[in-house]
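A.B. asks: here is a sequence with its predicted model. Questions after.
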Amino acid sequence: MGADRDLIINVAAGLAEPGIFIAHRRILAGDAGELLAGEALDFQMASEQSRRQSGAARALARGLLCRLGHDGAAIGKAASGAPLWPEGVVGSLAHDDRVAIAAIARARDFAGIGIDIEPDEDLPAEMVDLVATPAERSRYERAFLRSRVLFVAKEAVFKAVHPLDGVFLDFQDIEVDVESQVAYVRSGRAVRVKVKASGQIDGHVAALAFIPSASA
């Protein structure tokens, strides 16, 4: 448990935002058993690996939900694949083969949040021009473009925006200004986005995107 707590601290150090709770940990062999009965129904046709990944992410999220007074809440899955949160909560889950991450907040404070995590490895060369817009390719050096920073940032932005707009975005629909920590979406939305690119996250790159509530 101590190692997992250290990982959570390292993530928060790079992605911390007042009012947003974030946690992550390694995915373990028995994590399929972390799915509650109602959650397991949503994954009954999924592979064992997918159930482990989803169980780990939901276990993290339930731990965070306790901080908001939602003890033991089940986190179902919408037809789109997005997690279903208790009333008054917004959140996001992500995982790869080794690590799961979760982020939640009160809906009164944030209209949407998105989280993503990827191995801290270069993108395949053929992916660079698919992910980066022409403006991003002129702004950033090739070594940066080959990193997964823009990839995770745009995935996180999509997760924050899609529940609000119901529009599927591709990478070219989102442009990220890493220095100002703002992403611009083709709809005109400006979304705050933070990226933690560090081996401290168990060799991963993580991104948090968030949209403050109009009433916040």
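C.D. replies: Thanks, I have it. Residues are numbered from 1 along each chain as shown.
A.B. asks: and residue 115, how many neighbours?
C.D. replies: 28 (other C-beta atoms under 10 Å). Bear in mind the C-beta positions are built from the backbone N, C-alpha and C, glycine included.
A.B. asks: next one: residue 165
C.D. replies: 12.
A.B. asks: thought residue 188 was touching it, still the case?
C.D. replies: No - Residue 165 is not in contact with residue 188 according to C-beta atoms under 8 Å; the separation is 10.4 Å.
A.B. asks: what about the most centrally placed residue in the chain, which SS state?
C.D. replies: Central residue of the chain (C-alpha atoms, centre = their mean): residue 115, 1.5 Å from the mean position. State at residue 115, reduced to three classes by DSSP: H, G, I helix; E, B strand; the rest coil: strand.
A.B. asks: thought it was touching residue 21?
C.D. replies: No - here residue 115 does not reach residue 21: they are 10.9 Å apart, not a contact under C-beta under 8 Å.
A.B. asks: what is in contact with the two at once?
C.D. replies: residue 103 (C-beta atoms under 8 Å, 6 or more residues apart in numbering).
A.B. asks: quick one: the residue lying closest to residue 37 once chain neighbours are set aside and residue 26, what's the gap?
C.D. replies: Spatial nearest neighbour of residue 37, excluding adjacent residues (C-beta to C-beta, 6 or more residues apart in numbering): residue 74 at 7.9 Å. Noted for residue 74: a distance of 23 Å to residue 26, by C-beta to C-beta, to the nearest Å.
A.B. asks: where do the helices sit along this structure?
C.D. replies: In the chain, the helices defined using DSSP state H lie at 2-15, 37-42, 48-65, 128-131, 134-139, 142-146, 149-165.
A.B. asks: what lies in contact with the third one?
C.D. replies: Same thing as helix 48-65. 21-36, 39-40, 43, 46, 71-73, 75, 83, 86, 89, 91, 93-95, 97, 100-104.
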